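Q: Starting from these lines, generate the structure:
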Amino acid sequence: MTAGSKIPVTVITGFLGAGKTTLVRHVLAHAKGKRIALIINEFGELGVDKEILAGCGDETCREEDMIELSNGCICCTVADEFIPTMQQLLAREDRPDHIVIETSGLALPQPLIRAFNWPEIKSEVTIDGVVTVADAAALSEGRFANDEAAVDALRSADAMLDHETPLGELFEDQLIAADMVILNKSDLVAGDKLDTIEKHLRAEMRPGTGIVRAHNGHVDVAALLGMGLSTEDNLAGRESHHELEHGGEGHEHDDFDSFSVTLDGVTSKDQLLQTIEQTIRAHDVLRLKGFAALPGAPARLAIQAVGPRVTAYFDRPWKPGEVRQTALVVIGESPLDRAAISTSLERAAAAAA
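A: Below is the predicted model:
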């Protein structure tokens with residue numbers, strides 16, 4: 001089977017809360033008749049991303065074409081979960097025109113890219129392109145940066161701080177693996193600071209990799225789908241920090257932790273969001289997401305938080321018979337103080353009692 005007859009796959013990676021799910025929603029809504037299969041790699045115990053995406057592109061991505069990998073980071077479960085999932089998808093009579101993979105914010109892209117050379121799937125699929133989504137607003141606040149020279153250059157613009165942690169290395173690994181970088185939320189950053197951020201990103205990217213500025217994940221779908229790069233055949237220069245240090249051996253995610261918490265008795269949206277923001281600041285939570293049930297509200301409240309920034313919107317009506325509860329996923333660097341964070345979040349319900 002030639003590369004032209006293989007099913008193209010777009011890998012969308014990026015840091016926590018950068019806007020990957022928003023970008024996928026945009027792709028599904030503007031697929032122009034292409035039937036897309038979507039593989040979602042959720043980090044945590046709740047299928048939040050799949051629920052947000054469900055129904056946003058019925059004509060191009062049916063419910064049965066949305067596959068969730070929730071048993072760990074996709075780069076750690078290539079053999080056990082990803083390859084079998086791809087084989088099942090390829091065994092269908094009505095194959096998709098295109099496959100989109102939304103990775104966990106904690107995923108290293110490199111092991112996933114290499115997996116497309118596994119003999120079980122290599123003859124039938126090819127990576128059309130790897131797209132990394134970066135959060136311009138977060139970067140402007142000094143989060144997820146790790147280069148000392150860049151910090152010196154950006155300090156006068158109130159920009160990034162040195163972030164010599166596994167988190168910073170992971171960000172660099174996602175940038176170096178990209179065929180295209182989407183600098184999302186660029187509308188939230190002043191132009192001069194945005195230029196400085198872009199300069200910093202280019203220093204970590206492979207030469208020739210494009211940067212596209214965007215807000216709300218609005219990018220021309222024609223630029224995202226149809227790159228035709230066969231990325232799995234062009235691995236040079238994409239090595240992760242771990243691969244460079246350990247000769248290509250496997251990796252671990254012991255530096256990250258996640259858990260879910262259910263809150264009973266939440267009655268105030270404002271109180272809930274304020275409590276979430278206070279909890280994130282007090283316990284250095286990196287990412288929080290989930291859904292909330294509010295009294296009298298016919299729709300569920302979708303919540304997304306990166307650092308201290310919390311956003312919320314009613315995404316869809318509650319389904320008949322659906323359990324209406326407030327359930328959140330908390331993600332941060334290990335070890336998280338689960339008891340203290342849970343107690344802090346429970347204040348949102350206690351305040352209404």
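
Q: quick one: Lys122 from Gln174, how far?
A: Distance from Lys122 to Gln174, counting by Cβ to Cβ, to the nearest Å: 23 Å. (Glycine included, C-beta is placed from N, CA and C.)

Q: So which residues of the stretch 101-250 of the chain form strands?
A: Counting by DSSP state E, counting those that start in this stretch, the stretch 101-250 of the chain has strands at residues 125-135, 180-184, 210-213.

Q: Format those strands as CSV; extra columns: mean neighbour count and distance to Ala312.
A: Putting those into CSV (neighbours: other Cβ atoms under 10 Å; distance: least, Cβ to Cβ, whole Å) gives the following:
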stretch, mean neighbour count, distance to Ala312
strand 125-135, 25, 18
strand 180-184, 25, 18
strand 210-213, 16, 25
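
Q: Check those for me: which has the lowest mean pLDDT.
A: Note on the strands of the stretch 101-250 of the chain: strand 210-213 shows the lowest mean pLDDT, a mean of 91.

Q: That strand: partners in the sheet, and parallel or antiparallel?
A: Here strand 210-213 is paired, per DSSP bridges, with strand 180-184 (parallel).

Q: between the partner strand and strand 125-135, what angle do the directions make?
A: Angle of strand 180-184 versus strand 125-135, following axes from the mean of the first three to the mean of the last three Cα atoms, to 10 degrees, is 30 degrees.

Q: With just CA atoms, put strand 180-184 into CSV.
A: Extracted C-alpha coordinates of strand 180-184, given in CSV (Å, rounded to 0.1, in the frame of the first residue of the first chain):
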residue,chain,number,x,y,z
MET,A,180,3.2,22.8,13.1
VAL,A,181,2.8,24.8,16.3
ILE,A,182,-0.5,26.6,17.0
LEU,A,183,0.1,29.5,19.3
ASN,A,184,-3.4,29.6,20.8
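
Q: Spatially central, which residue of the chain would that be?
A: Gly105 (4.2 Å; Cα atoms, centre = their mean).

Q: Pipe the strands of the stretch 101-250 of the chain into TSV and attach distance to Glu239 per row.
A: As requested, these are exported to TSV (distance: least, Cβ to Cβ, whole Å):
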stretch	distance to Glu239
strand 125-135	14
strand 180-184	18
strand 210-213	20
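
Q: Of all those, which one is nearest Thr267?
A: For Thr267, the closest of the strands of the stretch 101-250 of the chain is strand 125-135, at 31.4 Å, according to Cβ to Cβ.

Q: Now do the same contact list for the closest residue to Val212 other than its chain neighbours.
A: Distances taken as Cβ to Cβ, 6 or more residues apart in numbering place Ile182 nearest to Val212, at 5.3 Å, with adjacent residues excluded. With contacts defined as Cβ atoms under 8 Å, 6 or more residues apart in numbering, Ile182 is in contact with Gly14, Gly19, Leu23, Val131, Thr132, Val133, Ala134, Ile211, Val212, Ala214, Gly217, Val219.

Q: Now do the third one against Phe116, distance only.
A: As for Leu23, its distance to Phe116 is 21 Å (criterion: Cβ to Cβ).

Q: of the two, who's got more company?
A: Between Leu23 and Phe116, Leu23 has the larger neighbour count (other Cβ atoms under 10 Å), namely 25 against 21.

Q: Is that one in contact with Ile12, as I believe?
A: Yes: here Leu23 reaches Ile12: they are 6.2 Å apart, a contact under Cβ atoms under 8 Å.
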